[in-house]
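Undergrad: pasting a predicted model and its sequence here:
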Amino acid sequence: MRICVYAASSQQCDSAYHDAAYLLGTLLAGAGSTVVYGGGSVGSMGAVANGALSAGGEVIGIIPRFMADLEWGHAGLTQLELVEDMRERKHRLLTDSDAVVALPGGCGTLEELFEAITLKRLGLYLNPIVLLNTRDFYTPLQAFMTQVIGERFMNTEHAAMWSLVNSPEDVLPAIRATPRWDENARAYAVVRT
């Protein structure tokens, strides 16, 4: 499987986030999955890559040229792809991925996550989306999305577009347990009465 991992570059956050990212990388590599991520060398980005590499895994980084020019890229990856901008990076991360895993992160991670959810709602991305809820990071987001559905900005079916797991060990089972999203999702993308 080719797993797209959204992760942060912050080195200032609690080390539990980096530990969970590293463990996730080892677990994905141990299962024979290829990790595709934003190409960074620090924070949770660096940790997930280092974890996968330590377990002999294949890790593909996709990084915009301006970030590579700033030497933000991870030098030890299986492959580091340079792209022109953030828009192309997001597209390449999702292309051919069998699942998305969102680790805790800032606005960049959240933007990537919401784009994947939006594309899934429109039937343009059909694979599992898993949120790793380290330190209950995504619990408020889950409550907010429940409110979004309750306020009728989304349909109740849309709650099944992602799953929330509490530990790295739960990520692969969640991916395997998630059925492919209905290709006819556009039929209920619009909120019904």
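TA: Thanks, I have the structure now. Numbers count the residues shown, from 1 in each chain.
Undergrad: mind listing what's buried along the lowest-mean-pLDDT helix or strand in the chain?
TA: Lowest by mean pLDDT, DSSP states H and E among the helices and strands of the chain is helix 65-69, with a mean of 90. Neighbour-count burial for helix 65-69 flags Met67, Ala68 (criterion: 16 or more other C-beta atoms under 10 Å). Quick note: C-beta positions are derived from backbone N, CA and C, even for glycine.
Undergrad: next secondary structure element downstream of that helix?
TA: strand 79-83 (DSSP states H and E).
Undergrad: okay, now the sheet partners of that next one, with direction.
TA: Next to strand 79-83 in the sheet, as set by DSSP bridges, lie strand 59-64 (parallel).
Undergrad: export the strand it pairs with to PDB, keeping only CA atoms.
TA: Extracted in PDB, the C-alpha atoms of strand 59-64 (Å, rounded to 0.1, in the frame of the first residue of the first chain):
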ATOM      1  CA  VAL A  59       9.800   6.700   1.900                       C
ATOM      2  CA  ILE A  60       8.900   9.200  -0.800                       C
ATOM      3  CA  GLY A  61       9.000  12.900   0.000                       C
ATOM      4  CA  ILE A  62       7.300  15.500  -2.100                       C
ATOM      5  CA  ILE A  63       8.600  19.000  -1.500                       C
ATOM      6  CA  PRO A  64       8.100  22.300  -3.200                       C
END
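Undergrad: could you list the low-confidence segments of the protein?
TA: Low-confidence segments of the chain, defined by pLDDT under 70: 193.
Undergrad: and the strands in it?
TA: 2-6, 34-37, 59-64, 79-83, 99-102, 129-132, 163-165 (DSSP state E).
Undergrad: OK, contacts around Asp182?
TA: Counting by C-beta atoms under 8 Å, 6 or more residues apart in numbering, Asp182 makes contact with Gly123, Leu126.
Undergrad: could you do Tyr22 as well?
TA: Ala47, Val48, Asn50, Gly51, Ser54.
Undergrad: from the residues you listed, keep the buried residues only.
TA: Here, 16+ other C-beta under 10 Å leaves Ala47, Val48, Asn50, Gly51 buried among the contacts of Tyr22.
Undergrad: and the residues you listed, which is closest to Arg92?
TA: Val48 (17.1 Å; C-beta to C-beta).
Undergrad: state the distance from that closest one to Pro104.
TA: In this view, Val48 and Pro104 are 12 Å apart by C-beta to C-beta, to the nearest Å.
Undergrad: equivalent analysis for Gly51, please.
TA: 16 Å.
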